[in-house]
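Enquirer: Sequence and predicted structure are below.
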Amino acid sequence: MTLTDAESAKNRENLLKALLLTALPVAVGGLSAAVAGDMSAKDYVSPPLSPPAWVFPVVWTALYLLMGFSSYLVYRDCDYLLNDAMKCFFIQLFVNFTWSIVFFRFEFYTAAVVVLVALLLLTIGTTAQFFGINKTAGKLLLPYIAWLAFALYLNVGVAVLNR
């Protein structure tokens with residue numbers, strides 16, 4: 001079976017949308033890291049269970065890719081970009097963008113806890129909405145929720161230990 005020109009064009013368009021939506025959180029994370037400045041040179045006491053520094057960019061990159069592909073699945077199944085689930089996704093992505101700036105650039109550790117709690121709640125809401133549209137999309141956000149919960153533990157630890 002051969003694809004018609006229209007089918008090939010539609011497949012290329014879907015692939016482009018998948019790539020763009022998958023790359024978007026990676027780009028937002030990279031921009032946030034650039035604005036936050038040098039994240040490795042901070043001199044603060046870390047709580048127990050803190051992983052080595054190299055773990056963070058690896059985990060965040062994987063999570064951003066999962067988030068992006070998840071958003072593509074929701075976009076694909078809804079056929080328009082600004083449905084309520086995608087609005088929640090973009091809001092949580094913006095809050096995600098702000099966290100590293102608050103924590104690393106300004107070293108406002110307690111304020112970063114507040115941002116992280118908001119991010120966790122927004123992500124849980126986004127995940128619930130994604131599950132209602134595409135179960136796979138919702139499942140792809142579960143590791144992100146788990147990591148945010150762990151990040152909250154780390155952030156609270158830093159805030160308490162560095163008063």
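Expert: Looks like it came in fine. This is a predicted model, so every value here is computed, not measured.

Enquirer: In contact with the residue lying closest to Leu148 once chain neighbours are set aside, which residues?
Expert: Nearest residue to Leu148 in three dimensions, chain neighbours excluded: Leu120, at 4.7 Å (Cβ to Cβ, 6 or more residues apart in numbering). Any C-beta I mention is one placed from the backbone N, CA and C, and that applies to glycine too. In this structure, Leu120 makes contact with 145, 148-149, 152, judged by Cβ atoms under 8 Å, 6 or more residues apart in numbering.

Enquirer: Ramachandran coordinates for Leu120?
Expert: phi -60, psi -50 (degrees, to the nearest 10).

Enquirer: how near is it to Val45?
Expert: Between Leu120 and Val45 the distance is 23 Å, computed by Cβ to Cβ, to the nearest Å.

Enquirer: Please apply the same query to Ala53.
Expert: 15 Å.

Enquirer: Just the local confidence number for Met1, please.
Expert: Met1 carries a pLDDT value of 63.

Enquirer: can you check Leu154 too?
Expert: 98.

Enquirer: and the residue most central in space within the chain, what is it in contact with?
Expert: Residue closest to the average C-alpha location in the chain (Cα atoms, centre = their mean): Tyr64, at 4.9 Å. Contact analysis of Tyr64 by Cβ under 8 Å, 6+ apart lists 25-26, 28-29.

Enquirer: I'd like to know how far Ile91 sits from Ala118.
Expert: Distance from Ile91 to Ala118, by Cβ to Cβ: 10 Å.

Enquirer: cool, and Ala53?
Expert: Ala53 sits at a distance of 25 Å from Ala118 (criterion: Cβ to Cβ).

Enquirer: how many neighbours does Tyr153 have?
Expert: A count of nearby residues for Tyr153, using other Cβ atoms under 10 Å, gives 15.

Enquirer: so what's it up against?
Expert: 47, 49.

Enquirer: Buried ones in the helix or strand harbouring it, by neighbour count?
Expert: Tyr153 is located in helix 142-161, with elements delineated by DSSP states H and E. By neighbour count with 16 or more other Cβ atoms under 10 Å, helix 142-161 contains the buried residues 144, 147-148, 151-152, 154-159.
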